[in-house]
Each structure stands twice: as structure tokens, then as C-alpha cells.
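>>> A structural model of the following input is requested.
(chains A and B)
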Amino acid sequence: MTATTDLSTDHTRAVADGAHSHGVVPAGSRAERVTSFDLADIPVPSGREEEWRFSPVAKLQPLFAPELGAGGVLTTVVEAPEVKVEIVGRDDARLGTAGKPGDRTAVTAWNAFSEATVVTVPAEAVASDVTSIRVEGVSTDATAQHVLVHAEHHSEAVVVIDHRGDALLNQTVEVVVDDGAHLTLVSVQDWADGAVHASSHRSVVGRDAKLKHVVVTFGGDVVRVTPDAAFTAEGGDVEMVGLYFADTDQHQEHRLFVDHGVPRCKSRVTYKGALQGAGAHAVWVGDVLIQAKAEGTDTYELNRNLVLTDGARADSVPNLEIETGEIDGAGHASATGRFDDEQLFYLMARGIPEVDARRLVVRGFFAELIEEIGVDSVRDRLIDSIEAELEKSMSVITGTAPAQEGA
Amino acid sequence: MPTLEIRDLHVSVETKEGAKPILRGVDLTINSGETHAIMGPNGSGKSTLASALAGHPKYQVTSGTVTLDGEDVLAMTVDERARAGLFLAMQYPVEVPGVSVANFLRTAKTAIDGEAPALRTWGKEVKGAMENLRIDSTFAERSVNEGFSGGEKKRHEILQMELFKPRFAILDETDSGLDVDALRVVSEGVNRAKENTDVGVLLITHYTRILRYIKPDFVHVFVDGKIAEEGGPELAERLEEEGYDKYVGTGATMSA
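Residues are numbered from 1 along each chain as shown, chains lettered A, B, ... in the order given. This next block holds a predicted model:
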């Protein structure tokens, strides 16, 4: 039995936006991409490389340098009572176990940090509260940061990394989920204008373990997050959820890589974003590799973009590489559409003013995803942030700040 | 008495080849409490009339007037028309993912009335109206029209007609695609709205079937963008027997 793949690509709403790109075949297999802890192996990119071709490389340039400081951000951890927090030196044996850096910012981040924050959820502990890692940008000196979140076997926890302020940050977040553990890791990028943030998330998921990995990006000039996930044993489950809202001249890039290298693991990727204003740019690249030995894999990835105004651009590139036919399912969908005027007409024909109708549609677009995140404090914060973003978009649409009421 | 008056209405639709005239001088007066059936062959412009009255941006009014109690409807935005008391039950209701029926109904009711409905009575009212239309209570939490069958969409349109209490309702081929049971349920809903609110109804249909359940006071035959013949309920009976051949033979266009 070899014909079990279920490849599907939903193009139904991808025609609305000429700036949408889809289905570009990468230069080589994701399996062949260089990964290394050694700076010399991953040189400074020109911007033409596959992994940098959508990125504003000039703005990220300071983070390509081998020397980075540590003083640009203040990190405060408020942990659940069951959770342990340590600051350790870079020679700590627990660091560097969740895969190797895969691009220039990831390798410079790895080489530049001197101390790391390690958050440990002890074996079989069930955290009674959210653990919050607050990263506050305090200067725009190029800074490296390293965080390890380690959920030991059969533990359960929610960890939220919250980024605010203005910073020039190059970050590594290692996530180790041991056998049978359930970890939800949320990274919120709510930077002030001007912030530039590159972040390499590298996760490994053990036997029958589950990782829910959530990325939320609202603020900052350039945010480029590259979440990788790999499985170390059968029965692993990775759910990657992302939500972003790109405004005028913001670049928000999310590049994911799920590496199915062992049999019978499951992955689901769902990223949704809205864009508004000239120069708003969202990039989503979702790579999934199903290696020859990863029989019984079940994977699906989806990206949706809602373009609210002219002048915004969404690039969405799902890549699925399948080296075995013995899988349960594999598929992807990507669609970028403009705001649907028929939805607007329907709601307005029920007396709902245009501004409120648009708000309803955008909230609706994100509603399911917000429920999926499943962390109450994050959920409420997200709803508030989306409302704040919508206030901006209404001023773009109406040309005036206050909502225009009819009659 | 509230009156919806349409005078010499000309409407074009934007096509790739430019503006294409669809309505060519429609005259129609509807008083509250009256039910007017508009019948006609496909492509005669019936649905264009419905969409143009509601203010769909695809349709341009090139001349003529529409007034509601003397107020210029054509000068109003889509939402203003609804708040002035016009309701369009759409032929193809639109899906709005992530917006629950309950939230949608409350938001629209609030917009139309200018104030939020009283929490206690509104909940009961919605529940009762849904029961009457045989809409399962779980629909309140589902996204508007998403995954609804054709019949469920139409019942949801009539649910809104009953709850929003418009002064004039335009039903655009509400009967199309309904089986007999659904047609009866939907018609009962329209008749309840007529009894309860004295709403004026403009019932657009291709078939006479629905007129057995909803009795029209007037029947207008629509051909080639205007009214070709008018009469009472007996005209519908005649159309039942004779069809539209008599009209379309005389230069009217018929589309597939």
C-alpha cells in the first residue's frame, strides 16, 4: 500500500491578491539544509538564499555579527510553584540538545550568549499556574538571549514568553518535551515600533509527548521566528499555532520546519494572519519532511491570510516532502484573500454599520484559532490586541480616526 | 401608512464589457400589510430588483427613485436601508466564519433598533422563533450560514425577518431549492411575520408553488427588466397553467 498520501492544496481564495506567492519549490530538500553550531559553517547571507529571500536582511544585519551583547533585554520569570528556574552558564550540559542552528541568526545567537535561562517542569509535576517569562526590551544594542524550557517526563505545564518594549534581539528558545509530557509554549511578540527580533525555536518531542507551540506576533518592525520541531520517539504530537497581525511597514515572518524522522507521530500546523496598510508584509513558510523511516505519520499544515487594505503583501509557501508512502495522512492548504465584500454586504444588509461589520468578520477569522490556543490569560490578551489592531485598520479604511456611524 | 415606492427604476450591472442595463423602468408601490408577488422567467431582472433595493454595490441605479415614506432610499448606505426598515432575505445567504448566529442576531437587532434588546426577553424570543422554524437550538452557536444546508440557510433568513421586524421584506427566491416540508415551515414564518407586524412583502419567485402558502394580494409579471402585466392572485393561477411562454416570445431574453 503506497497511495495513502492525501495531498491537497486549497487555492479557492488565493486569487484575490496578486502579491500572493504559493507553491514555490525550494532549492533543495529540507533534509539537506546545513545545520551547525559552528559560525564558519553558516556564513552571513546575501539575502538571495532560500531562507532569506523574503527577509529585510539589511535590518537584520546587526544580528548576523558573531559578537552580540546581553544587556538589551531584561528577563523576568514568574514561575508556577511546581516549576524550577535557573540561570546557567553556556557550558551547562542541558543546552544545545534540541537540534542545531539552521540559519545565520540562529548560529550567531548560539555562539554569543554567556548565560541562559532554564525553566524546568519536574518529572510528573502538573503546574498549577502559567509560568511567565517576560522579556522587556530596554535598549537597542544587539543582544543575544538563550532560553531552555524543559518539560520532564509526564509533566504538564504552560509557559508564556512575552516580548515587549524596543530591542534588537537575537534569541534561541530550546524546548525539550520528554516522554509523556504535555507542554504548551506560547511566544508573544508584542514589541514596540522599531524592535527587530530574530528567534530560533528548536523543539524535540519524546515518546507519547505533546507539544502545543503557539506564536503570536503583533508588534515590532521586523519579527522573524523560525520554529523547528523534531520527534525523538513514536507517539509524539506537535500542534503549532500562529496568529499575526501585520501593520504598515511591519515585516512578520514565520518559518516552520516539522521533521518527521520516527514512525507514528502527528503534527498539525495552523497559522492565520491579517495584514493592513502599505508595506505590511507577512511571510509564512511551512516545511514538513516525512523521512523514509517515518511510517504512519499524520500531518497537516494550513496558512490563511486576510488582506484588509491595499499595499499589504502576504507570501505563503507550504512545502511537503514525503519520502515514504506508508503514512496516515499528509496535506497542506494555503490561501490569501482580500476582505470578502459579500460578507460585508450581508452584515450591512442587517443594519450593521460597515466598521462593526468589518470587525465582526476579522474577529470571526481569528475566532477558532484563539479558542485553539486554550490558555485563558493569553486568549483575553489576544482579543484585546486584535481589537487594538482593528482600531488602526478602521482608520485606514475610513480615512478618519473615529468610526463613522450612519443615519 | 408606510409605503415603499419604486418609480421608473433603471439599474445596470457592471460587467467586463461595461455597464449592462438590467432594469428598464420599474414602477411599483407596496403598502404595509400588502404582499406583492413578482414572478418572471430567469434573467428577467427579478433578483436585480431585490439586490438594488438593498443597495448591493454591484448594481448601479442609473435613473428613477425609491422612497420609503417619502425618504430617499437610494441615498442611504446598505446598513441605513436596513435600519430604515428594509429587509432582504437573500437567495444565496453568505457564510460568515467565526461569527455565531447568536452574536450575529443580537448585533443586528441592536443596530436596527438603536439599542440592545433586553437580555431576558430576547433570549426567549430567539429560542421561540427558532423552534417555530424547526431550527435546532445548537444553531445559535454555529457560524452564520457556515455548513448550513440550502433549507437551513433559508430558514435562517426568515428567522431574521421574524426577529428584526422590518417594515418591508423582500424575499428573493426564498422558495428555490426547498422541499415541501421546508417550504411550508418557511411560509408559516412569513405568514407569522405578516400577522405580527403588518410587514409589507415583496415576494420574488420563479414558481407559483410558494403562493399556495403565502397568499399574494397582487401579482406582477416581470419580463425584460420591467413589469409586463399586473393582476390579483388569479394571474398566478394563469401563469401556473400557461407558463411564461407568452411573455418570452415577445423579445424578452431568457438565460440559462
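
>>> point me to the residue of the stretch 301-407 of chain A nearest chain B.
Here the stretch 301-407 of chain A gets closest to chain B at one residue, A:Gly364, 2.8 Å apart by C-beta to the nearest C-beta. The way it works is simple: take the backbone N, C-alpha and C, and place the C-beta from them, glycine included.

>>> the one helix or strand that residue maps to packs against which elements?
Using DSSP states H and E, A:Gly364 falls within helix A:354-373. When contacts are defined as 3 or more C-beta pairs under 8 Å, 6 or more residues apart in numbering or on different chains; DSSP states H and E, helix A:354-373 sits against strand A:237-246, strand A:266-275, strand A:298-307, helix A:341-348, helix A:376-398, strand B:96-100, helix B:101-113.

>>> how far off strand A:266-275 does that helix point, in degrees?
Orientation check (axes from the mean of the first three to the mean of the last three C-alpha atoms, to 10 degrees): helix A:354-373 against strand A:266-275 gives 160 degrees.

>>> circling back to that earlier point, from A:Glu371, how far out is the residue of the stretch 301-407 of chain A closest to chain B?
Using C-beta to C-beta, to the nearest Å, A:Gly364 is found at 12 Å from A:Glu371.

>>> who has more neighbours out of those two?
Neighbours were counted for A:Gly364 and for A:Glu371 using other C-beta atoms under 10 Å in any protein chain shown; A:Gly364 has more, 21 against 10.

>>> run a quick neighbour tally on residue 58.
Looking at chain A here, since you left the chain open. 9.

>>> nope, chain B please
Residues contacting B:Lys58 under the criterion other C-beta under 10 Å number 14.

>>> who are the contact partners of it?
Counting by C-beta atoms under 8 Å, 6 or more residues apart in numbering or on different chains, B:Lys58 touches B:Val13, B:Glu14, B:Ser51.

>>> how about 10 Å then?
Counting by C-beta atoms under 10 Å, 6 or more residues apart in numbering or on different chains, B:Lys58 makes contact with A:Asp341, A:Glu342, A:Phe345, B:Ser12, B:Val13, B:Glu14, B:Thr15, B:Thr48, B:Ser51, B:Ala52.

>>> only the buried residues of stretch A:60-75, if you could.
Across stretch A:60-75, burial judged by 16 or more other C-beta atoms under 10 Å in any protein chain shown covers A:Leu60, A:Pro62, A:Leu63, A:Phe64, A:Leu68, A:Gly72, A:Val73.

>>> and what of stretch B:12-28?
B:Ser12, B:Val13, B:Ile22, B:Leu23, B:Val26, B:Leu28.

>>> show me which of these is closest to chain A.
Nearest to chain A among those is B:Val13, at 14.5 Å by C-beta to the nearest C-beta.

>>> which SS state does the closest one fall under?
Of the three states, B:Val13 takes strand under DSSP: H, G, I helix; E, B strand; the rest coil.

>>> I'd say it and B:Ser51 touch.
Yes. B:Val13 lies in contact with B:Ser51 (C-beta atoms under 10 Å); the separation is 9.0 Å.

>>> overlap in contacts, those two.
B:Ile22, B:Lys58, B:Tyr59.

>>> mind putting those residues into CSV with distance to A:Val288?
Listed next are the shared contacts of B:Val13 and B:Ser51 as CSV, based on distance: C-beta to C-beta, whole Å:
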residue, distance to A:Val288
B:Ile22, 49
B:Lys58, 41
B:Tyr59, 46
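
>>> and which of those is nearest to A:Arg90?
A:Arg90 lies nearest to B:Lys58 out of these, by C-beta to C-beta, at 63.0 Å.

>>> part of a strand, is A:Gly71?
No. Assessed by three-state DSSP, A:Gly71 does not belong to a strand; its assignment is coil.

>>> returning to that earlier point: need the contacts of B:Lys58 in TSV (columns: pLDDT and distance to A:Gly235).
Converted to TSV, those look like this (pLDDT from 0 to 100; distance: C-beta to C-beta, whole Å):
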residue	pLDDT	distance to A:Gly235
A:Asp341	89	46
A:Glu342	94	44
A:Phe345	97	48
B:Ser12	97	63
B:Val13	94	58
B:Glu14	87	57
B:Thr15	88	57
B:Thr48	96	59
B:Ser51	96	55
B:Ala52	97	60
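
>>> now the two most distant members of these.
Greatest spacing in those, by C-beta to C-beta: A:Glu342 and B:Ser12 (19.5 Å).

>>> now the strands: where do they sit in the stretch 151-256 of chain B?
Here the stretch 151-256 of chain B has its strands, by DSSP state E, counting those that start in this stretch, at B:168-172, B:200-205, B:218-223, B:226-231.

>>> any chance of these in CSV, with distance to chain A and mean pLDDT too?
Putting the strands of the stretch 151-256 of chain B into CSV (distance: least, C-beta to the nearest C-beta, whole Å; pLDDT from 0 to 100) gives the following:
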stretch, distance to chain A, mean pLDDT
strand B:168-172, 10, 97
strand B:200-205, 15, 97
strand B:218-223, 22, 96
strand B:226-231, 24, 95
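
>>> reformat the ones you listed as a markdown table; add distance to B:Gly128 and mean neighbour count.
Converted to a markdown table, the strands of the stretch 151-256 of chain B look like this (distance: least, C-beta to C-beta, whole Å; neighbours: other C-beta atoms under 10 Å in any protein chain shown):
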| stretch | distance to B:Gly128 | mean neighbour count |
| --- | --- | --- |
| strand B:168-172 | 19 | 26 |
| strand B:200-205 | 21 | 25 |
| strand B:218-223 | 31 | 23 |
| strand B:226-231 | 37 | 17 |
